[in-house]
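Visitor: just coords:
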């Protein structure tokens, strides 16, 4: 019997910096491949290839068309979702027999939202809603047997049957960490990248309304320290320059965090270490554990200091409590603080007041212009909050009930004027205007790299 030919694809933004190192890759695709190759019933019946292409660069289409894949899966993020949907309407005519499957964070949608997009873009066949390993592997099992439409027993998917959609709700089934193979240990991820994405856990205990993660629940599943050690050693041996933790937060548990940093110092000490941490959980023991790391960068997602928008992040951030925590962090590095412009309930006055509170303490600051893609609670409740989005700019906020378009533009102008020569922007940002979806970074008088 011929093997099922599967292609997994994602479209990335242009590389963040030119040169010999590519800095971005879609780790979820390699996790999918590693998991499917670990299943006895599938590993010998499916051939999986992975292609990552630059957004809107379509020179790859003839080769993919000629290869005649049985299944092509697309990983969808805010920057490529609408492009992928448009593309599939075109590819459907070129590849009428291929099964097109959508997945990724933007697909963590409710049925009504999926129906709305399907009315506009109908070139796809199946959408996986949530973590992909279990539903995608079950889809492949059916496709191997020639079944394309009787998929009602597979949870967390929406699929096309007779030109209409069938929605199968999630059943709360998630893959335990011990059953998720490492694509690095299996040497599935291509080499040559600069940044090593280290995932020591899955899941997020928080429920931020601008994030898609709450769709799959708040259970955190930790990978073993043995796996973390192997991946860190791999990153060092294979020539990566930076380890970026992609966990929701690495310091949820102090004991585990200390073990984590000890492994880093043992296996990957020469590399830059970049982590996302929760400011309110920082303590002296965690700081002491980082003191021997030569180059550590720490992000703190404060997001807002405005009373009216604190509900969107699930906690009240008070600058009086944040300051001593950031002073602890200064023992090892200058803290980097994230703020979001345009959260529902925020006002121009409150945002500027919050920005000034952070700015005066000489921390690094990243200001994000709000994006509310499908799958987020704010997108789902956008009419309730008067949220107006610009789809053409990655679902960027235009205005909402308490911030007009002019208010947002005024905030951008204020941030730029305060930052003066302390502005660093990634390469695709217009140098005159902060575009929706882009960021500004500030670090005293130095450029943040």
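Guide: Okay, I see it. The structure presented is a predicted model; accordingly, all values stated were derived computationally and were not measured. Numbers count the residues shown, from 1 in each chain.
Visitor: isn't residue 357 right next to residue 306, touching?
Guide: No - Residue 357 is beyond contact range of residue 306, at 10.6 Å (criterion: Cβ atoms under 8 Å). All C-beta spots, glycine's among them, are computed from the backbone N, C-alpha and C.
Visitor: Looking at the two, which one has more neighbours?
Guide: Set residue 357 next to residue 306 and count neighbours by other Cβ atoms under 10 Å: residue 306 wins out with 22 against 18.
Visitor: which stretches of the stretch 51-200 of the chain form helices?
Guide: 61-67, 81-94, 111-120, 133-144 (DSSP state H, counting those that start in this stretch).
Visitor: looking at the ones you listed, which is buried most?
Guide: Comparing these by mean neighbour count (mean count of other Cβ atoms under 10 Å), helix 133-144 ranks first with a mean of 20.
Visitor: Distance from it to the middle of the chain?
Guide: 23 Å (Cα atoms, centre = their mean, to the nearest Å).
Visitor: list the helices and strands that helix packs on?
Guide: strand 4-12, helix 27-37, strand 71-75, strand 99-103, strand 126-128 (3 or more Cβ pairs under 8 Å, 6 or more residues apart in numbering; DSSP states H and E).
Visitor: Could I get the ones you listed in a markdown table, plus columns for mean neighbour count?
Guide: Output for the helices and strands packed on helix 133-144, formatted as a markdown table (neighbours: other Cβ atoms under 10 Å):
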| stretch | mean neighbour count |
| --- | --- |
| strand 4-12 | 21 |
| helix 27-37 | 21 |
| strand 71-75 | 25 |
| strand 99-103 | 24 |
| strand 126-128 | 26 |
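Visitor: Save these as JSON lines, and put in distance to residue 53 and mean pLDDT too.
Guide: Output for those, formatted as JSON lines (distance: least, Cβ to Cβ, whole Å; pLDDT from 0 to 100):
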{"stretch": "strand 4-12", "distance to residue 53": "6", "mean pLDDT": "95"}
{"stretch": "helix 27-37", "distance to residue 53": "12", "mean pLDDT": "96"}
{"stretch": "strand 71-75", "distance to residue 53": "11", "mean pLDDT": "98"}
{"stretch": "strand 99-103", "distance to residue 53": "16", "mean pLDDT": "97"}
{"stretch": "strand 126-128", "distance to residue 53": "20", "mean pLDDT": "97"}
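Visitor: how about those, which one is nearest residue 272?
Guide: Residue 272 lies closest, by Cβ to Cβ, to one member of these: helix 27-37, at 18.2 Å.
Visitor: okay, and for the protein, where does confidence drop off?
Guide: 1, 15-23, 214-217, 420-449 (pLDDT under 70).
Visitor: follow-up on the earlier one: let me have the helices and strands packed on helix 133-144 in a markdown table, extended by distance to residue 330.
Guide: As requested, these are exported to a markdown table (distance: least, Cβ to Cβ, whole Å):
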| stretch | distance to residue 330 |
| --- | --- |
| strand 4-12 | 34 |
| helix 27-37 | 31 |
| strand 71-75 | 38 |
| strand 99-103 | 41 |
| strand 126-128 | 43 |
